[in-house]
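Chemist: Need coordinates for the following:
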Amino acid sequence: FLATCTDLGDDLAALGGAVEATFTAQRAFLMTAGGMPRPEAEKVQALLKPTADAMGVAAGKAPKHPQHENAVVEGLQAAAWVTVEPTPAPFVTEAVGSADFYLNKVLVAAKGGDARHTAFAKQWRAALVALSAYVKAHHTTGVVWGSLKTSTAAPAAGAGAVAAPATGAAIGAYDDWYGEYVKPFLATCTDLGDDLAALGGAVEATFTAQRAFLMTAGGMPRPEAEKVQALLKPTADAMGVAAGKAPKHPQHENAVVEGLQAAAWVTVEPTPAPFVTEAVGSADFYLNKVLVAAKGGDARHTAFAKQWRAALVALSAYVKAHHTTGVVWGSLKTSTAAPAAGAGAVAAPATGAAIGAYDDWYGEYVKPFLATCTD
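Modeler: Alright, predicted model coming up:
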C-alpha cells in the first residue's frame, strides 16, 4: 500500500506518509508494552500519544483526492484497537466498514482509468482486514503487556568473539539501574513534595521514555536519521519539562536540568559514556550547593543530592557496559514462531511472536500501498 501511495505521488504520497508514521509509532508502542508490566492509565496514555498524534496527521493531507483521504482517515481509526478491551479485533473490523464507503467511491471513479487508484483501494482494505486478523491472533483480549523477557544474563559468544550486548540484557540492566538508583531518588522527591515532587516527575518521564526508545531500537534495524529523531522526540520532550518545575528550589532544579542532559547519550557515537560523565560534572556544581545548604538541616535534601549524583554515575557505567559505541539497534529477535505451552494450557502470545507477525503484516500489506501513494 505504501508503495502504491509513493507511485501515485503528490498528496497521496503525503497521505501514505501519515499511514507509515501511524503504524511505525504503533510498532514502537507494542515493543514498549511487551517489555514492561502494564502501568497506570495516565502512563499508558502517554505511551499511546505518538500513535494518536500520527493518526491525526492524515486529515487534510490529500485535498486533491478527498475520497482517498476519507478512506484513510476512517481506516486509520483501526489503529486505536490498542485501547480496546476485551475484544479489539471487531473494533478494527468496524473501521474497515467505515473506510469501505469511501473506498467504493474510489473504485467506481477509477473504473476504466488509472489502475493504481484501484490498487490503492484494494490494498488499503486488504491491509485493514489483515490487521483485524493479526489483532485477533496475537492480542485476542487486548494489548499483551510484559511478555518479553529482559534477562540481564550475558549472551554466549564463540571463543575470541566480541558480541554486541543482547537487547534483553541491556533492558534488564536498564531496569536494574532504574530500580536501584532512580526509584529511591523519585521517592525522595515525592517525600519532599511540592515543586520537588514535580521535578521528580520530569525525571521519571524522561527515563521511562528512554526505556521505550531502547526497546524500540532493539526491535528494528537502524532507520534513516529523520525517523531516529522522531523516535527520540518523547525523550527529548520529557527532558525539557524539568526546567521551571521547582522555582522554590532553584539549585535542585538546576542540578536536575543539567543532569538530565545525560539522557542525550542515545545521540552520541562512538563513546556515549563520557558524555554522561560530563553531565555529572555539570550537575555537581549545583549539587554541591544543595549539600552545603542542607548541612545540619533536613537530611532529605542531602539524600536528594547524593541519590541524583549516584544515579547519573551509575548511568554512565550502564552505558559503557551495554551501549559501548552507541545505541544497539536490531538485536532483539522477533520470531513469529508460536511459544510452547503445556498440555491444555492457554498461553498469551509472546511479544516476539506478536511483533514478528506485525512486521509480516506491515511488509505484506502496508508497504505496497505506500509505494502506490508515492507514485
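Chemist: State the number of residues packed around residue 180.
Modeler: By other Cβ atoms under 10 Å, 12 other residues sit near residue 180. (C-beta placed from N, C-alpha, C; glycine too.)
Chemist: any weak-confidence spans in the stretch 1-150 of the chain?
Modeler: Scanning the stretch 1-150 of the chain for pLDDT under 70 picks out 148-150.
Chemist: which residues of it fall in helices?
Modeler: All helices of the stretch 1-150 of the chain, identified by DSSP state H, counting those that start in this stretch, fall at 3-6, 10-34, 41-57, 66-76, 88-110, 115-138.
Chemist: can you give me the helices for the stretch 201-350 of the chain?
Modeler: 225-241, 250-260, 272-294, 299-322.
Chemist: just to revisit the earlier point, which of the helices of the stretch 1-150 of the chain is buried the deepest?
Modeler: helix 3-6 (a mean of 27; mean count of other Cβ atoms under 10 Å).
Chemist: who touches that one?
Modeler: 12-13, 15-17, 19, 116, 119-120, 123, 367-375 (Cβ atoms under 8 Å, 6 or more residues apart in numbering).
Chemist: same question, stretch 121-138
Modeler: 1, 4, 71-72, 75, 78, 81, 88-90, 92-93, 95-96, 99-100, 103-104, 106-107, 110, 144, 349, 353-354, 357-358, 361, 364-366, 368-369, 372.
Chemist: again, only using 6 Å
Modeler: 1, 4, 75, 78, 81, 88-89, 92-93, 96, 103, 106-107, 349, 354, 357, 361, 365-366, 368-369 (Cβ atoms under 6 Å, 6 or more residues apart in numbering).
Chemist: hmm, back to that, among the helices of the stretch 201-350 of the chain, which is the most enclosed?
Modeler: Comparing the helices of the stretch 201-350 of the chain by mean count of other Cβ under 10 Å gives helix 250-260 as most buried, with a mean of 22.
Chemist: for that one, packing partners?
Modeler: Packing partners of helix 250-260 (3 or more Cβ pairs under 6 Å, 6 or more residues apart in numbering; DSSP states H and E): helix 272-294.
Chemist: Check the offset of the helix it packs on from the chain's centre.
Modeler: Distance of helix 272-294 from the chain centroid (Cα atoms, centre = their mean, to the nearest Å) equals 29 Å.
Chemist: Give me the angle between that helix and helix 250-260.
Modeler: 170 degrees (axes from the mean of the first three to the mean of the last three Cα atoms, to 10 degrees).
Chemist: Which neighbouring elements make contact with helix 272-294?
Modeler: helix 250-260, helix 299-322.
Chemist: can I get those helices in JSON lines with distance to residue 329?
Modeler: Listed next are those as JSON lines, based on distance: least, Cβ to Cβ, whole Å:
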{"stretch": "helix 250-260", "distance to residue 329": "23"}
{"stretch": "helix 299-322", "distance to residue 329": "13"}
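Chemist: Compare those and give me the one nearest residue 174.
Modeler: Residue 174 lies closest, by Cβ to Cβ, to one member of those: helix 299-322, at 6.5 Å.
Chemist: where are the low-confidence patches of the stretch 151-300 of the chain?
Modeler: 151-168.
Chemist: is it true that residue 260 touches residue 239?
Modeler: Yes. Using Cβ atoms under 6 Å, residue 260 makes contact with residue 239 at a distance of 5.0 Å.
Chemist: Give me the common contacts of the two.
Modeler: Here residue 260 and residue 239 have residue 206 as joint contacts, going by Cβ under 6 Å, 6+ apart.
Chemist: Could you measure from the closest residue to residue 28 other than its chain neighbours over to residue 306?
Modeler: Setting aside the residues directly before and after it, residue 28 is nearest to residue 216 in space (Cβ to Cβ, 6 or more residues apart in numbering), at 4.2 Å. From residue 216 across to residue 306, the span is 33 Å (Cβ to Cβ, to the nearest Å).
Chemist: for the helices of the stretch 1-150 of the chain, which one sits closest to residue 287?
Modeler: Among those, if distance is taken as Cβ to Cβ, the winner is helix 41-57, at 28.1 Å.
Chemist: And for the closest one, what's in contact with it?
Modeler: 18, 21, 22, 25, 26, 29, 32, 76, 79.
Chemist: one more time with 8 Å
Modeler: Residues from elsewhere that reach helix 41-57 (Cβ under 8 Å, 6+ apart): 18, 21-22, 24-26, 28-29, 32-33, 38-39, 76-77, 79-80, 82-83, 205, 208, 212, 233-234.
Chemist: to the chain's geometric centre, what's the distance from that helix?
Modeler: 10 Å.
Chemist: between it and helix 66-76, how many degrees?
Modeler: Using the same axes, to 10 degrees: helix 41-57 against helix 66-76 is 160 degrees.
Chemist: How about residue 145: what's its closest non-neighbour residue?
Modeler: In space, residue 145 is closest to residue 38, 4.0 Å off (Cβ to Cβ, 6+ apart).
Chemist: Burial check on that neighbour, number of neighbours?
Modeler: 13.
Chemist: so it touches residue 147, yeah?
Modeler: No. Checked against Cβ atoms under 8 Å, the pair residue 38 and residue 147 is beyond contact range at 10.9 Å.
Chemist: which residues are in contact with both of those two?
Modeler: In contact with both residue 38 and residue 147: no residue, using Cβ under 8 Å, 6+ apart.
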